[in-house]
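*Asks:* Need a 3D model of the following:
(one chain, ligands or ions: 1)
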Amino acid sequence: MKRVISLVLVAVLACSFVLGLTACGGSSDSKTAEVKELHMATNAAFEPYEYYKGKKIVGIDAEIADAICKKLGYKLVIDDMDFDAIITAVTSGKADFGMAGMTVTDERKKSVDFTDSYTTTTQVIIVNEKDSKVKNADDLEKATIGVQRGTTGDVYVSDLKEAKIERFNTGPDAVLALTQGKVDAVVIDGQPAKAFVAKNKGTKILDDPFAEEEYAICLKKDSDLTKDFNKALAELKKDGTIDKINSKYIKE
Ligand code: ARG
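*Replies:* Residues are numbered from 1 along each chain as shown. So this is what the prediction gives:
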């Protein structure tokens with residue numbers, strides 16, 4: 001009995017000595033390693049929402065996602081992929097959520113859940129300044145239109161019976177085709193359109209906005225995270241963080 005007690009004592013003493021040195025339950029390194037990661041699926045060719053600055057993906061979505069993850073105690077990891085791969089990444093569990101200036105649509109709601117929306121936006125039409133045969137939304141009917149594959153822009157123009165649609169991997173690819181005269185117009189989200197036009201001399205945005213949309217984050221159906229994300233989003237809206245992030249990237 002005595003022997004057992006002294007053994008236990010020795011063990012306790014040794015343990016508290018070790019703990020004293022390493023601050024409870026292991027080194028601080030192994031602690032950070034324990035922070036659970038959340039993978040965000042995105043398509044990082046969509047300034048100001050997600051784009052590369054050097055090797056890093058920055059932008060409004062990247063910062064909002066980071067703020068949400070910090071609040072909920074996760075480490076954010078951003079996975080760049082084609083836009084039309086994001087929903088599958090989320091439904092298959094390869095990614096924990098999708099955030100990509102993604103518009104809430106009934107079609108998408110069949111496969112994923114959306115958080116509350118964090119932005120309202122519009123689809124716009126980009127054309128060449130000179131001799132464009134597209135002068136308004138009606139002209140799209142008889143035009144060749146460039147879109148990013150799988151986006152709402154793609155869905156809208158696909159309804160036009162007479163139009164010819166060219167689908168590109170990224171928005172910048174579609175705008176490049178416009179500057180090369182391969183398409184007559186590009187239909188894409190308003191803020192990225194401004195960023196693309198600023199980088200491509202000779203292009204402009206038509207005054208006619210096309211459709212109103214809401215952006216939200218998508219998660220696996222019935223995910224426990226959705227509730228937490230909505231709570232974090234609401235707090236970040238209330239304390240002005242979302243406004244601050246928006247005005248950092250969008251100078252009106
Ligand atoms: N808002 C549009 C959509 O949801 C386009 C989003 C494209 N986003 C991107 N990161 N490339 O379909």
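
*Asks:* Spell out which residues of the stretch 51-200 of the chain are next to the ligand.
*Replies:* Residues of the stretch 51-200 of the chain lying close to the ligand (Cβ under 6 Å from any ligand atom) are 83, 100-103, 148, 151-152, 171, 189. Just so you know, the C-beta spots here come from the backbone N, C-alpha and C atoms, and that holds for glycine as well.

*Asks:* want to throw the residues you listed into JSON lines with neighbour count, pLDDT and secondary structure?
*Replies:* Formatted as JSON lines, these follow (neighbours: other Cβ atoms under 10 Å; pLDDT from 0 to 100; DSSP: H, G, I helix; E, B strand; the rest coil):
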{"residue": "F83", "neighbour count": "23", "pLDDT": "98", "secondary structure": "helix"}
{"residue": "A100", "neighbour count": "25", "pLDDT": "98", "secondary structure": "coil"}
{"residue": "G101", "neighbour count": "25", "pLDDT": "98", "secondary structure": "coil"}
{"residue": "M102", "neighbour count": "27", "pLDDT": "98", "secondary structure": "coil"}
{"residue": "T103", "neighbour count": "22", "pLDDT": "98", "secondary structure": "strand"}
{"residue": "Q148", "neighbour count": "28", "pLDDT": "98", "secondary structure": "strand"}
{"residue": "T151", "neighbour count": "26", "pLDDT": "98", "secondary structure": "coil"}
{"residue": "T152", "neighbour count": "22", "pLDDT": "98", "secondary structure": "helix"}
{"residue": "G171", "neighbour count": "27", "pLDDT": "98", "secondary structure": "helix"}
{"residue": "D189", "neighbour count": "24", "pLDDT": "98", "secondary structure": "strand"}
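
*Asks:* Phi, psi for Y156 please.
*Replies:* Main-chain dihedrals, Y156, degrees, to the nearest 10: phi -60, psi -50.

*Asks:* What sits closest to the residue in the stretch 151-252 of the chain that the ligand sits nearest to if chain neighbours are left out?
*Replies:* For the stretch 151-252 of the chain, the residue closest to the ligand is T151, as judged by Cβ to the nearest ligand atom, at 3.4 Å. Among residues not flanking T151 along the chain, F83 sits closest, at 6.1 Å (Cβ to Cβ, 6 or more residues apart in numbering).

*Asks:* so who does the one you found touch?
*Replies:* By Cβ atoms under 8 Å, 6 or more residues apart in numbering, the contact set of F83 is 43, 100, 148-151, 170.

*Asks:* Next: S132.
*Replies:* Residues near S132 by Cβ under 8 Å, 6+ apart: 184-185.

*Asks:* quick one, what contacts the residue nearest to A216 when sequence neighbours are not counted?
*Replies:* Excluding the flanking residues, the one nearest A216 by Cβ to Cβ, 6+ apart is F114, at 4.1 Å. When contacts are counted by Cβ under 8 Å, 6+ apart, F114 touches 104, 108, 216-219.

*Asks:* Out of those residues, who's the most crowded?
*Replies:* I217 (28 neighbours; other Cβ atoms under 10 Å).

*Asks:* my read: that one touches T115, true?
*Replies:* Yes. I217 is in contact with T115 according to Cβ atoms under 8 Å; the separation is 4.5 Å.

*Asks:* what sits in contact with each of these two?
*Replies:* Contacts common to I217 and T115, judged by Cβ under 8 Å, 6+ apart, are 229, 233.

*Asks:* buried set for the helix or strand that K248 is a member of?
*Replies:* In this assignment (DSSP states H and E), K248 forms part of helix 241-249. Within helix 241-249, the residues that count as buried by 16 or more other Cβ atoms under 10 Å are 241-242, 245-246, 249.
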